[in-house]
Structure formats: C-alpha cells, structure tokens
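K.L.:
Quick one: sequence plus predicted model below, questions after.
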Amino acid sequence: MKVVKFGGSSLATGEQFDKIIKIITDDPKRQVIVTSAPGKRFTHDTKVTDLLIQYAQTILAHQNPNAIIQTIWQRYAEIGQNFALTAADLQPLLTQLTALATTNYPSDAYLLAAFKAHGEKLNAQLLTFVLQKLGYTAQFWDPQTIGLTVTDQPNDAEILPETYAKLRQLTVQPHTFYIVPGFYGLTSHQHIATFSRGGSDITGAILAKGLNAQLYENFTDVNAVYAADPRIVAQPQPIKKMTYRELRELSYAGFSVFHDEALIPTIQGQIPINIKNTNQPQLPGTMIVPQQQLQPHQIVTGVASDNHFAALYLHRYLLNKQVGFTLQLLKIFYKYQISYEHMPSGIDDLTVIFDRRQFTPAIKQAMCQEIQATLQPDQLEWIDDYAILMVVGEGMANKVGVVQKIIDSLAQNQIGLHMINQGASRISIMLGTKQADAPKAVQAIYHTFFHEE
Ligand SMILES: Nc1ncnc2c1ncn2[C@@H]1O[C@H](COP(=O)(O)OP(=O)(O)O)[C@@H](O)[C@H]1O
Ligand SMILES: N[C@@H](CC(=O)OP(=O)(O)O)C(=O)O
C-alpha cells in the first residue's frame, strides 16, 4: 500500500482533480490519499488557506463574513461542478464552512487553527464525494476518528506518539480509497490544531509510518527536487536520488518543496519517499532513501537559502573563562519561550541564531534589555538582516577542500560571510550572509559545484 499526498497546486481546480483521479486509479496500491486545501490556480491567485485566515480575521474583528465565505465557497463549488455534483450534494460542506463563524473556541489561536484546517477538511470530503460519484469506493478518514493526536500548540502542533498505536489498528480494505485531510490533528482536549504552514506533507509522513506503507508519494508541481530552488537558479539539475538527512537539511534551509518536519516520521519508519509532478506523473521524480542506499556521485547534492532568521551577537572579553554565561543567556531565552537554531562561538564572542518569526518588537526589546542588564556584554548587536545558506551532500563527508571552494566562489562575487559552520555529520556546511546576498551566493555556489565538475 502507498500513501499519496497531493499539494495545493495539485488540487486547485476541477481539471487538477481529473489528473489526480487518473493518478490514484492507475495504481491499485495508491489507497491512502492525503489532501491539501485548494492552492493557487495562477501566479497571483490566493490559496484557500490564506482565504480562511482572512475569514478568521473577519470574525475576530466582528465584521460581516458573507463576502469572504462566498469567495471561499466558489473554490469548492467550481470543483464540485466539474463532476456534476449538485448544490444538495455539496450542502454538508457549505454548512461546515458557515458554521465556523458561530462555533466557540478556547482561544483566538484555536479559532484560527480550526478555520485554517477546514481548507483541507472540506477538500478531503469533496474528493470523497467526487470519487463516490464516479463509482469508486471511497471513505473520508477524519483525523479525529483515526486518532491523529497532536500537542496543544494550536498553529504549530507536533504529533503525539499515541497516534501511531491508533493508526496501527486501522485496516485498509482492498479496492477502497481512504481520503485524509492533511495539515491538522486534534489535541487531547479534542480541539483542532494545525502543523506549521505546508504541513500536509507531515500528515502524509505520519500516515506512511503509522500504516507501514511501502512508499510515500508526494505529488507537487515540479518534476523533481532540484539541486537549487528553481526560482533562484534557472534550470537547476534535478536530483534523482538523495538521502533523508540531505533533504532534511535542505528543506530546513529553504527547499519548500517538502516540509522539513515531514522527514522525521519517514526516517523513523524507514519509508522511502518519491516526490513527483501531478502534471507529469510519468516522470520518475526524486527518490528519498536511507543513507546506505545511496552511492554519492557528486560532492554537493544541493544548495539552499532561507531568510527567516535573525541573530544576536554578544561580545565580552574573557567570555571563555566565565562560568555560566551561556546558561544565563539560555535561561532568558527560556523565559521568553524562544528556541534557538544555532550558536556559533569564539573566544570572546557568541552569536545566537534563531527563527525571526517567533519575535514581536516588544519581546525583542524586553529580551535585549534583560540580556544587557544580566550579562553585561561589552557589545550586544541584534542582526535582523540574516540569511542562512546550506550546502549539503553525502559526497562531502570525506572530501578535502570543499569549504575552500565555497569561500573562493563567494569571494569572487564580493559576498561577505557572517558565519560558517560545518555540521558534525560532515554532510552540510552552513553559511550566514546578508539577505540581499543570499540568492547571489546560492547561484555562485551552485555554478561552482555543478558546472565545474
Ligand atoms: N530545490 C527545489 N526543488 C523543487 N522545487 C523547489 C525547490 N525549492 C523550492 N521549490 C519550490 O517548491 C514548490 C513546490 O512546493 P509547494 O508550493 O509547497 O507545493 P504543493 O502545493 O504541491 O505542496 C515549487 O513550485 C518550487 O517553486
Ligand atoms: N494548506 C496548508 C498546508 C499545506 O501543506 O499546503 P500545500 O500542500 O499547498 O503546501 C498551507 O497552505 O500551508
């Protein structure tokens, strides 16, 4: 049995639904289908998830939601009409969409989560109706009834381990499709909580592990995972095969084609992943496999960059001899519930790099004041203009001179570095640059490793 996830672009229109139905009916092993919410139909279109966020904001502002409900509803109705579903057939979906406005939620954050989750919840039910109308046996698997249980973080939830025991009890009958909405689960108090944005990939991975699928197929709108983001490098090289840990590092640093957290269940379950294009399903796509199944042919597999970081730089003479400095610093981070990503240090200085999206201006100011007062650094600098680049490859592990090549290519392009750090696994090198330099840096490194070898 295969778990198959379709991204928002693959489910954006009736025409796209036609393609995905052809895909799932072409292979009898494609039985568990995970849906995203309808995505963009054209470049400047709005994803249904973003429309649902607008709907939630309308309710929170006590404004009339009729117009936004209509806009959202049109997206589903259009798809339904493609399959001759009647207004009566679709009524249960419209009822759920409008009921969102009058339901009680434990907090505004849970309200937002429930609204967002309905993008996938309605789409999964719509696909179930369509398949049934076409004469297939299809069943909607509600995350609540299958036991997809998550932590109490309404918009950034994580899966709880008891989910897997529940999933193991499910049976997949032959000749039946099971349609599961991606992106959310239920907390132990039965409130809807979503994963972070792009999180339908995570649902697919959880199901693939929990049901012990032979393969997790992830259908999107590109032919493969490329060695660089195609929006940064023109016609980058497609990657045929890569390891879980390579994709995890690259997704973490900007390869938005697959959610970095979705790698974890697949690694735990050792489920291979195949990333494929809904619009060109005959192409092989990219296979993601365990380390032992890959013989690296080149040094670098991919180079990624992401801008959602910021850094705090602290300088203090004799920092190396001061007991408890880092402990005090991390206690302040803990107090403000801020997680950090990396902490490169020198003799007299320390940089903490974190996800900028965790901060409000008020938290930033309060934390800086407290760090200044408690630790009295000689210098404290907040660096908002921070991008992280990740150069990744299993082939880098035993190779001498890779760092030199990277630095030379950046120097030739007059790109300065905030930081350079080689991961303990030796399959990745992380670089910090100014945000404006990041695309140029990706291009320079890509061309060094992919055009000179
Ligand atoms: N290295 C990469 N290889 C392929 N696509 C990438 C890469 N980095 C970023 N992307 C982007 O990821 C997009 C697909 O992810 P996403 O929009 O989340 O798809 P979906 O709607 O199918 O979930 C591609 O259209 C592409 O612009
Ligand atoms: N619809 C959600 C979750 C998701 O995974 O979407 P997509 O498959 O379109 O990236 C979002 O937009 O964040």
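P.N.:
Good, I have the coordinates. Values in this document were obtained by computation on a predicted structure and should not be read as measured data. Ligands and ions are numbered 1, 2, ... in the order given.
K.L.:
Most proximal residue of the stretch 301-450 of the chain with respect to ligand 1?
P.N.:
The stretch 301-450 of the chain approaches ligand 1 most closely through Gly302 (6.3 Å), counting by CB to the nearest ligand atom. To be clear about C-beta, it is placed using only N, CA and C from the backbone, and glycine gets the same treatment.
K.L.:
Just give me the neighbour total for that residue.
P.N.:
Neighbour count of Gly302, defined by other CB atoms under 10 Å: 30.
K.L.:
how about the nearest residue to the closest residue to ligand 2 within the chain, chain neighbours excluded?
P.N.:
Residue nearest to ligand 2 within the chain: Gly8 (2.6 Å; CB to the nearest ligand atom). Nearest non-adjacent residue to Gly8, counting by CB to CB, 6 or more residues apart in numbering: Gly39, 2.3 Å away.
K.L.:
Does the residue of the stretch 301-450 of the chain closest to ligand 1 touch Met396 like I think?
P.N.:
No - look at Gly302 against Met396 with CB atoms under 8 Å: they stay out of range, at 11.2 Å.
K.L.:
got the residues of this protein near ligand 2?
P.N.:
7-8, 36-37, 39, 47, 49, 119, 182-183, 197-201 (CB under 6 Å from any ligand atom).
K.L.:
related to what we said a few turns ago, and the residue of the stretch 301-450 of the chain closest to ligand 1, what is it in contact with?
P.N.:
Val225, Tyr226, Ala227, Ala228, Ile239, Met242, Glu246, Leu250, Phe255, Val392, Gly393 (CB atoms under 8 Å, 6 or more residues apart in numbering).
K.L.:
Give me the pLDDT for the fourth one.
P.N.:
Here the pLDDT value assigned to Ala228 is 97.
K.L.:
what's around it, how many residues?
P.N.:
26.
K.L.:
coming back round to it: doesn't the residue nearest to Gly8 fall inside a helix?
P.N.:
No - with DSSP: H, G, I helix; E, B strand; the rest coil as the criterion, Gly39 is located in coil rather than a helix.
K.L.:
Contact partners for it?
P.N.:
Residues near Gly39 by CB under 8 Å, 6+ apart: Gly7, Gly8, Ser9, Ser10, Leu11, Ala12, Lys47, Val48.
K.L.:
rerun at 6 Å
P.N.:
Counting by CB atoms under 6 Å, 6 or more residues apart in numbering, Gly39 touches Gly8, Ser9, Ala12, Lys47.
K.L.:
What is the burial count for the closest residue to Glu162 other than its chain neighbours?
P.N.:
Of all residues not flanking Glu162 in the chain, Thr149 sits nearest, at 5.7 Å (CB to CB, 6+ apart). As a burial measure, Thr149 scores 22 neighbours (other CB under 10 Å).
K.L.:
and the residue of the stretch 1-150 of the chain found nearest ligand 1, what pLDDT?
P.N.:
Residue nearest to ligand 1 within the stretch 1-150 of the chain (CB to the nearest ligand atom): Gly7, separated by 1.9 Å. In this model, Gly7 is scored at 98, pLDDT.
K.L.:
Go back to the contacts of Gly302 and keep what's next to ligand 1.
P.N.:
Those of the contacts of Gly302 which are also neighbours of ligand 1 are Val225, Tyr226, Ala228, Phe255, as judged by CB under 6 Å from any ligand atom.
K.L.:
on that earlier part again, inside strands: which ones of the contacts of Gly302?
P.N.:
If you go by DSSP state E, those have Met242, Val392 in strands.
K.L.:
which one of the contacts of Gly302 sits closest to Asn320?
P.N.:
Val392 (30.9 Å; CB to CB).
K.L.:
quick one: low-confidence parts of this protein?
P.N.:
In the predicted model, the chain carries pLDDT under 70 at residues 452-453.
K.L.:
longest helix anywhere in it?
P.N.:
helix 108-133 (DSSP state H).
K.L.:
The helix or strand that that helix is followed by pairs with which strands?
P.N.:
Following helix 108-133 in sequence order, the next helix or strand is strand 138-140 (DSSP states H and E). Paired neighbours of strand 138-140 in the sheet (DSSP bridges): strand 177-181 (parallel).
K.L.:
wait, does the strand it pairs with make contact with ligand 1?
P.N.:
No - taking CB under 6 Å from any ligand atom as the criterion, strand 177-181 and ligand 1 are apart, separated by no less than 14.0 Å.
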